[in-house]
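S.K.: Make a model of this:
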Amino acid sequence: QVQLVESGGGLVQPGGSLRLSCAASGSIFSINAMGWYRQAPGRQRDLVAVITSGGSTNYADSVKGRFTISRNNAKNTVHLQMNSLLPEDTAVYYCNVRGSKYGSPWPRYDYEYWGQGTQVTVSS
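M.R.: Numbering: from 1, shown residues only. Got it, this is the predicted structure:
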């Protein structure tokens with residue numbers, strides 16, 4: 001089993017910053033990508049940012065230039081630095097891990113795990 005433990009959510013004023021962290025532990029095989037998704041009330045869960053084991057990144061258009069994803073492969077941790085936060089960034093943020101028990105390279109994956117979610121609220 002794999003556990004993802006998230007931290008760093010909270011309440012922040014518009015224009016402020018938050019840093020989310022996620023640590024993966026357990027029986028982990030060949031993580032190919034780690035990322036963050038978010039879900040606002042009444043909306044679907046959407047990609048925020050993802051980073052591969054090779055360091056390639058992909059961001060949602062709405063967060064480009066404001067959010068930065070980083071990863072420590074040795075520690076199986078992923079971080080999301082969020083700057084210039086807007087009220088529309090308010091959502092539950094979920095950590096995601098995808099990998100392959102058979103060593104298949106990204107974008108292939110045959111397992112996926114989700115964190116429990118952490119609330120981010122941007123409000124004055």
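S.K.: what about T121, which helix or strand?
M.R.: For T121, the host element (DSSP states H and E) is strand 118-122.
S.K.: other SSEs contacting that strand?
M.R.: strand 10-12, strand 18-26, strand 91-99 (3 or more C-beta pairs under 8 Å, 6 or more residues apart in numbering; DSSP states H and E). For every residue, glycine as well, the C-beta is placed using N, CA and C.
S.K.: and the angle for the last one with strand 118-122?
M.R.: I take that to be strand 91-99. Angle, strand 91-99 to strand 118-122, by axes from the mean of the first three to the mean of the last three C-alpha atoms, to 10 degrees: 140 degrees.
S.K.: Identify the residues contacting strand 91-99?
M.R.: Strand 91-99 is contacted from outside by 2, 4, 6, 9, 20, 22, 24, 28-40, 43, 45, 48, 50, 78, 80, 106, 109-120, using C-beta atoms under 8 Å, 6 or more residues apart in numbering.
S.K.: Show me what the helix or strand that that strand is followed by packs onto, helices and strands only.
M.R.: Sequence order places strand 111-114 as the next helix or strand after strand 91-99, per DSSP H and E. Using 3+ C-beta pairs under 8 Å, 6+ apart, the elements in contact with strand 111-114 are strand 2-7, strand 91-99.
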